[in-house]
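Participant: model this:
(chains A and B)
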Amino acid sequence: MMDTLVLLVEDNEVNRYLVRFLLEHGGFTVITANNGMEAIEQARAHKPDLILMDIQMPVMDGYEATQLLKADAALRSVPVVALTAYAMPHERERALAAGCIGQIEKPINTQTFIEQLRQFLGREAPGSDDSGA
Amino acid sequence: MQASPLRNLLARPTPRRLLVASPFVAVAIVLAALAIFFMGVLSAARAFVGGESLWTKGQKQAVQHLERYAQTGAEASWESYRQAIAVPLGDRVAREELEKRSPDYEVARRGFAAGGNHEDDIDGMIRLFRWFRRVSFIDEAITTWAEGDRLIAELIATAEELRRAVQAGAPPTALAPLLRYIDDLDTRLTPLEVRFSATLGEATRKTLRLLTMVMVLMALLLTVLGGLAARQVARRGSRIEARLRASEERFRSLWETTNDAILIVAVDQTIRFANPAVHKLFGYAPEELVGQPLSLLQPQSTHAAHQAALARYLETNVRTLDWGGTEVTARHRDGHHIPVEIVFSELQLEGQRLFVGFLRDITKRKEAERGVREANDQLEQRVAERTHELREANERLMELDRMKSQFLATMSHELRTPLNSILGFTSLMREGVAGPLTAEQQRQLGFVHGSGEHLLALINDLLDLSRIESGRMDVALAPFDFAAVAAEVGQNLKPLIEQKGLKLDIHAPSTLPMVGDRRKCYQVLLNLTNNAVKFTERGTVRIDASMQQGRLAASVSDTGIGIRPEQLRLLFEAFRQLDGTPRRLYEGTGLGLHLCRKLLDLMEGEIRVESEFRSGSRFSFTVPMVLNTVRLNAAHPT
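Facilitator: Next up, the predicted model:
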C-alpha cells in the first residue's frame, strides 16, 4: 500500500493537514493541491492512483475539476472520490454526474475513513501504470 | 290599438246574441204552442156543436119517420127511422167507449163516424173528450149528452113497441098512447140538446177569453223583455263608448306628455305623425315634420344603410335591427348628431301599413357609460400596475429566498469546515494516535468532541429544516431494509446507552423491506431514540417495528421522565424544550421533534406521542412501506 499514491485536493489548510495525516497514517503516499486548477496540474504530473476531491474550493471547484479530468484521455481512468459537506442540494448527484465514483461525507469519521477509501480502491483497480500516454 | 273594445264585442257575438234572443224565442214558442192548442180545442168544440146538430137532426127525423110509419105502416118510413136514429146511436157508442178507463180509440172513431162527424174532426173531438172530461162545462155537456142518450134508448124501445103494434095490425087508437109518449120524449130531448150546445158555446167563449188574455199577457211579456234587452244593449254601448273615450284620453296624454319622441312613418318613409316631444329632441315642431321624409332626421352617412335595411325588411320581413331597442345616431335641426335609442313597432291604420318609432335621447347615458368605461380602464390599468408590482415583489422575494438558501449552504459549509478538523483531531487525539493522554486530558477532549458533535447536529437540523420550509427537500425512492436501519440506530447509540447504564431492546422482524428514503427514516428513528436515551436515567429504551396495513409502524418507548399532558401539544413545534426550569438539564436543539414531524410529512407519514408524566413516553410513527411517487410529486412540487 505504500506505493499507492493519493492526490488530496483541499483548500482548507487544517483539513488538508488532517486528511493527509489520516492518509499517511493509513499507509498511503500523499500529494496535495489547493484547488481544482492545481489538482489537474498535479494529476498530469504524477498520475495518482486515486484523487480525493473537495467540492467547494476557490479558483476551480471540485465538479469542474472532475469534469476536466474525465475529459483528459490520460487521466480518465483515475478514480475520483468526492469529499462532500452535505451543504448544497443534490451534492452527491452532481458529484456522480461529474464523474466521481463515490463520496465521503464531511466531517470525516476518523475511525472509518481509511476503510472507506480502501473500499473505493478495491472497486477501482489502480491504473496509473497501465494508462498509455 | 288593433283590439278595440267595440271590435271585441263584434268579434265574439254568437253566445251573447243567443242569450239575448232566447227569452223572445221561448215566449214565441210558448205562444205558438198555446195558440195551436187552443185552436185545436176550439175546433173540437165546434165539431161537437156540429155533431150535436147532426145528432138533434137525426133524432128529430127519427121521430118524424116514426110518426109517418104509425100513420102509413110503410116499411120505407121504418127504414128511414132506422137510418136517422143511427146517428145518435153512433155518437153514443163513441161516448161510452171514451168513458172507459182505457178506451179503444178505433171503436170511438167508428162511433163518431157513424154519428156523421167529419173524419178530420174526429181526433180533435176524442182529445177534447179525454183531456177535458173532468172540466166542469165539458162534464156538464157530456152529462146532458148521456141523459139524451138515455131518452134515445127509451125512444128506440117505444119505437120497437110501435113497430110490433103496427105489424100486429093494431088500430090507430091503440097506437096513439105510444105516439104521445114518443112526442113526449121528443119534447124532453129538445132542452137537453139546447143545453148541450149552450154549454159548449159557453166553453168556447170562455176558451176564447182565456186565449185572448194569454195573448195579451204574452204580448206584454215580450214588450217588457224587449225593453230590458234594449236598455242592456244601450248601457253596454255607452260603457264601450266611455272606455273608448278613456283609452283615447290615455293615448292622447301619453302622446303629448311623454319625453320620448314618437314618429309614425309611412312605408315610403314620409313622416305622418309626430308628437310634441320631437321638438325637444330634434328642434322641429311636430307640424313641421309631418309630410317630411324621415331622412331629414338621419345623418347623411346612415341613409344608405337605412334604405337597405328597410328594403330588406319590406321584402323578407327579416328585421336587421333589434326592434326592442337599438342605439342609432339622429340629426338635430342644427345639424349636430344625437345618440338615440329607438324602439320600433308596426301597425295598420285604416288599411295603411305604418311604422312607429319611440326615440329617446341617450346622450347622458352615453356620457355615463363613457365615464364607467374610463373608470374601468383606469381600474384595469391600476390592476395591471399592481400586478406588475406584485410580480416584481415576488421576483425579489424569490431572489431573496435563493439568496437565503445560498447563504445557508455557504454558512453550513463554512461552519462544517472548522468542525471537520475539531472533530477529526479530537478523535485522533482520543485514539492516542498522536501520543498517550492522561485521564483528565481524555475526559476534557471528550467534552470538546461532544460539543462539536452537538454543534454539527444543530447545523444539520437547521439546514434540513430550511430545505423543507423552502420545498427543496427531495425524497429518495429506493429499496431498503428498515430492520437494518433500526439495528444501525442501536449500534450508533450503543456507547451512550452503555455509558448511562440503560438497556436497549429492539423488537423487529429479521427484515422489513421498504421503498422510500432510507436516510430520512434513519434520521427520524435516530432522533426519537436519542431523545428517549437522553431523557431516561434508568430502565429500558425499546424500539418496536412491524408492518401494519401496508405501513411501517415503528415506536420508541422509554421509562424516562415523561411529559406533562399540557406540554404534549407543544412537543412538535420548533425550538421547544419542555423543561421549563432555568437550569437546562438536557442538551438539545429543540428542533429534533419538529424536524421528525416535517420529515414524516414529506413521506406521507404520521407521528404521535403518548406519555405519562414521571413514568415514560412512547413516540410512534407510521410511513407507507412503498412510497407513491406520483402522489409525492404532486404534494411537493419543487
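
Participant: what does the lowest-mean-pLDDT helix or strand in chain A rub up against?
Facilitator: The weakest-scoring helix or strand in chain A, judged by mean pLDDT, DSSP states H and E, is helix A:91-98 (a mean of 84). Under the criterion C-beta atoms under 8 Å, 6 or more residues apart in numbering or on different chains, residues A:55, A:62-64, A:66-67, A:70, A:82, A:84-85, A:88, A:102-103 lie in contact with helix A:91-98. Every residue, glycine included, has its C-beta placed from N, CA and C.

Participant: out of the residues you listed, who's nearest B:Ala170?
Facilitator: A:Met88 (182.0 Å; C-beta to C-beta).

Participant: can you pull the pLDDT of that closest one?
Facilitator: For A:Met88, the model assigns a pLDDT of 61.

Participant: identify the bridge partners of B:Val626.
Facilitator: Note on B:Val626: beta-bridge partners by DSSP bridges are B:Val515.

Participant: surely it and B:Phe480 touch.
Facilitator: No. Applying C-beta atoms under 8 Å as the test, B:Val626 and B:Phe480 come out as separate, 11.5 Å apart.

Participant: any residues in contact with both of those two?
Facilitator: The contact lists of B:Val626 and B:Phe480 share B:Met514, B:Val515, B:Gly516, where a contact means C-beta under 8 Å, 6+ apart.

Participant: report the buried members of those.
Facilitator: B:Met514, B:Val515, B:Gly516 (16 or more other C-beta atoms under 10 Å in any protein chain shown).

Participant: what is the nearest of those residues to chain A?
Facilitator: B:Gly516 (17.2 Å; C-beta to the nearest C-beta).

Participant: next one: the closest one from B:Thr559, what distance?
Facilitator: Taking C-beta to C-beta, to the nearest Å as the measure, B:Gly516 falls 31 Å from B:Thr559.

Participant: one more: B:Thr212?
Facilitator: For B:Thr212 relative to B:Thr559 (C-beta to C-beta), the value is 137 Å.

Participant: ok, B:Leu415 next?
Facilitator: From B:Leu415 across to B:Thr559, the span is 36 Å (C-beta to C-beta).

Participant: now swap in B:Cys596 and tell me
Facilitator: 21 Å.

Participant: top helix in chain A by residue count?
Facilitator: helix A:13-25 (DSSP state H).

Participant: tell me which residues of that one are tucked away?
Facilitator: Buried residues in helix A:13-25 (16+ other C-beta under 10 Å): A:Asn15, A:Arg16, A:Leu18, A:Val19, A:Arg20, A:Phe21, A:Leu22, A:Leu23.

Participant: one more: stretch B:84-96?
Facilitator: Result for stretch B:84-96 [16+ other C-beta under 10 Å]: buried residues B:Ala84, B:Ile85, B:Val87, B:Pro88, B:Leu89, B:Gly90, B:Asp91, B:Arg92, B:Val93, B:Ala94, B:Arg95.

Participant: kindly report the same for stretch B:600-618.
Facilitator: B:Leu600, B:Leu602, B:Met603, B:Glu604, B:Gly605, B:Ile607, B:Val609, B:Ser611, B:Gly616, B:Ser617, B:Arg618.

Participant: okay, those residues in JSON lines with secondary structure, distance to chain A and pLDDT next?
Facilitator: Listed next are the buried residues of stretch B:600-618 as JSON lines, based on DSSP: H, G, I helix; E, B strand; the rest coil; distance: C-beta to the nearest C-beta, whole Å; pLDDT from 0 to 100:
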{"residue": "B:Leu600", "secondary structure": "helix", "distance to chain A": "20", "pLDDT": "92"}
{"residue": "B:Leu602", "secondary structure": "helix", "distance to chain A": "14", "pLDDT": "89"}
{"residue": "B:Met603", "secondary structure": "coil", "distance to chain A": "18", "pLDDT": "90"}
{"residue": "B:Glu604", "secondary structure": "coil", "distance to chain A": "21", "pLDDT": "90"}
{"residue": "B:Gly605", "secondary structure": "coil", "distance to chain A": "21", "pLDDT": "92"}
{"residue": "B:Ile607", "secondary structure": "strand", "distance to chain A": "24", "pLDDT": "92"}
{"residue": "B:Val609", "secondary structure": "strand", "distance to chain A": "29", "pLDDT": "90"}
{"residue": "B:Ser611", "secondary structure": "strand", "distance to chain A": "33", "pLDDT": "87"}
{"residue": "B:Gly616", "secondary structure": "strand", "distance to chain A": "33", "pLDDT": "87"}
{"residue": "B:Ser617", "secondary structure": "strand", "distance to chain A": "30", "pLDDT": "90"}
{"residue": "B:Arg618", "secondary structure": "strand", "distance to chain A": "31", "pLDDT": "93"}
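
Participant: between those, which sits nearest B:Met473?
Facilitator: Nearest member of the buried residues of stretch B:600-618 to B:Met473, counting by C-beta to C-beta, is B:Leu602, at 6.2 Å.

Participant: list the contacts of that closest one.
Facilitator: Shown in contact with B:Leu602 (C-beta under 8 Å, 6+ apart): B:Ile468, B:Met473, B:Val475, B:Asp517, B:Lys520, B:His636.

Participant: three-state assignment of the third one?
Facilitator: The reference is to B:Val475. Look at B:Val475: counting by DSSP: H, G, I helix; E, B strand; the rest coil, its state is coil.

Participant: so it versus B:Leu321, what's the distance?
Facilitator: Counting by C-beta to C-beta, the gap from B:Val475 to B:Leu321 is 66 Å.

Participant: and for B:Ala434?
Facilitator: 104 Å.

Participant: and those two? Which one has more around it.
Facilitator: Using other C-beta atoms under 10 Å in any protein chain shown, the more surrounded residue of B:Ala434 and B:Leu321 is B:Leu321, with 14 against 11.

Participant: for the more buried one, give its distance to chain A.
Facilitator: Taking C-beta to the nearest C-beta, to the nearest Å as the measure, B:Leu321 falls 67 Å from chain A.

Participant: now the phi/psi pair for that residue, please.
Facilitator: phi -100, psi 160 (degrees, to the nearest 10).

Participant: that one touches B:Phe344, doesn't it?
Facilitator: Yes. Using C-beta under 8 Å, B:Leu321 is in contact with B:Phe344, at 7.3 Å.

Participant: where does chain A come near chain B, residue by residue?
Facilitator: Contact residues (C-beta under 8 Å from any C-beta of the partner chain) of chain A with chain B: A:12, A:14-15, A:17-19, A:21-22, A:25, A:56, A:85-90, A:106-111.

Participant: thinking again about what came up before, what is the nearest of the buried residues of stretch B:600-618 to B:Ala170?
Facilitator: Among the buried residues of stretch B:600-618, and counting by C-beta to C-beta, the member closest to B:Ala170 is B:Glu604, at 159.6 Å.

Participant: so the closest one makes contact with B:Val626?
Facilitator: No. The pair B:Glu604 / B:Val626 is not scored as a contact, 10.7 Å apart, by C-beta under 8 Å.

Participant: show me what contacts the residue nearest to B:Arg95 when sequence neighbours are not counted?
Facilitator: Computed as C-beta to C-beta, 6 or more residues apart in numbering or on different chains, the closest residue to B:Arg95 that is not its neighbour in sequence is B:Trp145, at 6.2 Å. When contacts are counted by C-beta under 8 Å, 6+ apart, B:Trp145 touches B:Asp91, B:Arg95, B:Phe196.

Participant: so where does the second one fall, helix or strand?
Facilitator: The one in question is B:Arg95. Using DSSP states H and E, B:Arg95 sits within helix B:75-99.

Participant: list the buried residues in the helix or strand that that helix is followed by.
Facilitator: Toward the C-terminus, helix B:75-99 is succeeded by helix B:105-114 as the next helix or strand (DSSP H and E). Neighbour-count burial for helix B:105-114 flags B:Ala108, B:Arg109, B:Arg110, B:Gly111, B:Phe112, B:Ala114 (criterion: 16+ other C-beta under 10 Å).
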